[in-house]
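Undergrad: Based on what follows, work out the 3D shape:
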Amino acid sequence: MDQGNRDKDLSKVIEAGKRKSGSGPKDGQKGKPKGPRSDFLQIGPETPGYKLVQIIFERAVGEGLPSTDLADHLGIAPSTLSHLKTGRRVASSLGRDVIERFAEWLNYPVLAVMILAEQVHLGDFYSPQNDLDRAIDRALQFMADDPEWGGMMPKDLEGASTHMKLWSVWMYERATKTRLITGGIDYLDLLKSMDEFRGEYPKQQ
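TA: Got it, this is the predicted structure:
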């Protein structure tokens, strides 16, 4: 399977994991999203790294592979999988060695698994923080000077967090097909899907 097909498959997995309109608990009600994708997990989408855990157990269930056999195949402790399933441990805290074992078993790039585990974020795809701050300021000024888009920029964006500024620049780049900040690599579509997913299911504090 080539890189392009793997990225498409990952995007499909992200889309498949979203709650569909009209399903699940209504406003004011409690509960988890309904459907087979959550039947074997004791954690909810608000858990950091939920998407990776969902993919792992969904595949294991689909292949009829018990957790003990999967742990033995991966060379990790069965308790690691058990703790991921119950929330005693979150995927965002997994060590590099476990991430690499999951990547090999899923046949995903290691970076993709780190994104799904929410160990990698949008700012990680750019140059060091100081350079990124200056690049963001230049990009925001360019956006403000845009005769079509500048008038729609929120006035309070200047005082927003670096992540919010970077997200705004990224969205402008996508909408206008203009690259304002160099250094970004592939996987931006996957990151967008993860940010949208996390927006729907905020992390628990």
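
Undergrad: which one in the protein is furthest away from the centre?
TA: Most distant residue from the mean C-alpha position of the chain: residue 147, 33.3 Å away (C-alpha atoms, centre = their mean).

Undergrad: secondary structure class for that residue?
TA: Following DSSP: H, G, I helix; E, B strand; the rest coil, we place residue 147 in the coil state.

Undergrad: quick one: residue 204 and residue 47 touch, right?
TA: Yes. The pair residue 204 and residue 47 passes the contact test of C-beta atoms under 8 Å, sitting 7.2 Å apart. Glycine gets a C-beta too; all of them are placed from N, C-alpha and C.

Undergrad: Check which element follows the worst-scoring helix or strand of the chain on mean pLDDT along the chain.
TA: Every helix and strand in the chain was compared by mean pLDDT, DSSP states H and E; the lowest is helix 36-39, with a mean of 44. Following helix 36-39 in sequence order, the next helix or strand is helix 50-62 (DSSP states H and E).

Undergrad: how far away is residue 54 from residue 201?
TA: Going from residue 54 to residue 201 by C-beta to C-beta, to the nearest Å gives 11 Å.

Undergrad: returning to what we had before: neighbour count: residue 204 and residue 47, which is higher?
TA: residue 47 (21 against 10; other C-beta atoms under 10 Å).

Undergrad: Let me know the pLDDT of that one.
TA: We have a pLDDT of 92 for residue 47.

Undergrad: Give me the phi and psi for it.
TA: phi -70, psi 130 (degrees, to the nearest 10).

Undergrad: out of residue 54 and residue 201, which sits in the busier spot?
TA: Using other C-beta under 10 Å as the criterion, residue 54 and residue 201 rank with residue 54 on top: 23 against 17.

Undergrad: Check what pLDDT the more buried one gets.
TA: The model's pLDDT for residue 54 equals 93.

Undergrad: next one: residue 90
TA: Looking at residue 90, its pLDDT reads 94.

Undergrad: how many other residues sit next to it?
TA: 20.

Undergrad: check contacts around it.
TA: Contact analysis of residue 90 by C-beta atoms under 8 Å, 6 or more residues apart in numbering lists 47-49, 84.

Undergrad: go again using 6 Å as the cut-off
TA: 47-49 (C-beta atoms under 6 Å, 6 or more residues apart in numbering).

Undergrad: Tell me which residue lies nearest the centroid of the protein.
TA: residue 194 (3.0 Å).

Undergrad: which element is the residue nearest to that one when sequence neighbours are not counted on?
TA: Distance criterion C-beta to C-beta, 6 or more residues apart in numbering; nearest residue to residue 194, sequence neighbours excluded, is residue 115 at 6.2 Å. Using DSSP H and E, the element containing residue 115 is helix 110-116.
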